[in-house]
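> predicted model and sequence below, questions to follow.
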Amino acid sequence: MRGFGRSPDRGVWAPAELVIEDLRTAVALVRERHPTARVSVAGVSMGGALAIAAMASARPPAAESLLLFAPAVWGWSSQPLPNRTMLWITAHTARSWVVKPPEWLVERVQPSDNVDELRRMGRDPLMIWGARSDTVYGLVGAMETGWSLIGQVKVPVAYFYGANDHIIPKDASFEAAARLKPGDRTAYYAQGWHLLLVDRQAAVVWRDAAAFLRDPTAAWPSNAPPIPGVCPGA
């Protein structure tokens, strides 16, 4: 994604419309190279919010389904008033000011139970450990879009979420999942954390995702229950 990894303007939030157009282009190129393949879009955390926005747009990428792994849906509607106020002020006055989480918060918030993966991420020079205030502002806007538009995605959707997610609060996640259209699927993992695809039980999630790719109506191999408050298959 623009602004992250090796992309241009590292650390600067790109307009959501531009990121969505990038996704359309990527899917179109895959379609061109593999014309008979079934293509899915998968969004992880922040990528989940942007994937929802893309797939709910007037010109969605040409994909058959959408997989969401702990999507970032903690938008303005779910943020506490102090968060909203301070973020608006800093984003509009000190845009390039880098926000870094305090040490006590880093120690308490654990994104995964896979310690080896967390150590690898800690050594990765491409990781961004602080974010500009206007980038955080853009992220919260993207999360609000994902939270509000998730029910407008026309293709089948699978929503995966872990009971130990310290990053995206349960209230916002459960509310977003409850907005899914009839026929969409959810899976709730008692041993899952935020980084579902690299957790110690990641293979369980991978098998469920593979089953959904083959048949969006098939039962989860893991027998994972639906997200609390969300009826199975609805």
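Everything's here; your move.

> please pull out the lowest mean pLDDT helix or strand from the chain.
The weakest-scoring helix or strand in the chain, judged by mean pLDDT, DSSP states H and E, is helix 103-108 (a mean of 66).

> how far out from the middle of the chain is the next helix or strand after it?
Counting by DSSP states H and E, the element after helix 103-108 in chain order, helix or strand, is helix 115-123. Helix 115-123 sits 20 Å away from the centroid of its parent chain (CA atoms, centre = their mean, to the nearest Å).

> list the contacts of helix 115-123.
Outside of helix 115-123, the residues within contact range by CB atoms under 8 Å, 6 or more residues apart in numbering are 110-112, 127, 195, 198. In this view, the C-beta of every residue, glycine as well, is placed from N, C-alpha and C.

> tell me which residues in it are buried?
Across helix 115-123, burial judged by 16 or more other CB atoms under 10 Å covers 117, 121.

> pLDDT averaged over it - what is it?
Helix 115-123 shows a mean pLDDT of 93.

> PyMOL command for the buried members of the contacts of helix 115-123?
Buried residues within those, by 16+ other CB under 10 Å, are selected in PyMOL with:
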select buried, resi 110+111+112+195+198
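
> reformat the contacts of helix 115-123 as JSON lines; add distance to T186 and pLDDT.
Compiled in JSON lines, those are given as follows (distance: CB to CB, whole Å; pLDDT from 0 to 100):
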{"residue": "Q110", "distance to T186": "23", "pLDDT": "91"}
{"residue": "P111", "distance to T186": "21", "pLDDT": "94"}
{"residue": "S112", "distance to T186": "20", "pLDDT": "96"}
{"residue": "M127", "distance to T186": "30", "pLDDT": "88"}
{"residue": "L195", "distance to T186": "18", "pLDDT": "97"}
{"residue": "V198", "distance to T186": "20", "pLDDT": "97"}
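
> nearest to M143, of the contacts of helix 115-123?
Lowest distance from M143 to the contacts of helix 115-123 (CB to CB) belongs to P111, with 16.3 Å.

> hang on, isn't that closest one packed against G162?
No: in this structure, P111 is not within contact of G162 by CB atoms under 8 Å, at 10.1 Å.

> P156: what's it in contact with?
Per CB under 8 Å, 6+ apart, neighbours of P156: 64-66, 183-185, 212, 216.

> pLDDT below threshold where in the protein?
95, 101-107, 231-234 (pLDDT under 70).

> residues near the residue lying closest to A70 once chain neighbours are set aside, how many?
Using CB to CB, 6 or more residues apart in numbering and skipping residues adjacent in sequence, the residue nearest A70 is H194, 5.1 Å away. Residues near H194, counting by other CB atoms under 10 Å, number 22.

> circling back: can you turn the buried part of the contacts of P156 into a PyMOL selection?
Selection of buried members from the contacts of P156 for PyMOL, criterion 16+ other CB under 10 Å:
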select buried, resi 65+66+184+185+212+216
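
> can you report phi and psi for the closest residue to L126 other than its chain neighbours?
Nearest residue to L126 in three dimensions, chain neighbours excluded: G5, at 5.2 Å (CB to CB, 6+ apart). For G5, the backbone dihedrals (degrees, to the nearest 10) come out as phi 60, psi -130.

> quickly note the distance from G5 to I128.
G5 sits 9 Å away from I128, going by CB to CB, to the nearest Å.

> picking that back up, just put the contacts of helix 115-123 in TSV and tack on distance to I89.
As requested, those are exported to TSV (distance: CB to CB, whole Å):
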residue	distance to I89
Q110	30
P111	28
S112	33
M127	27
L195	31
V198	35
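
> which one of the contacts of helix 115-123 is nearest L18?
When these are compared against L18 (criterion: CB to CB), the nearest one is M127, at 22.8 Å.
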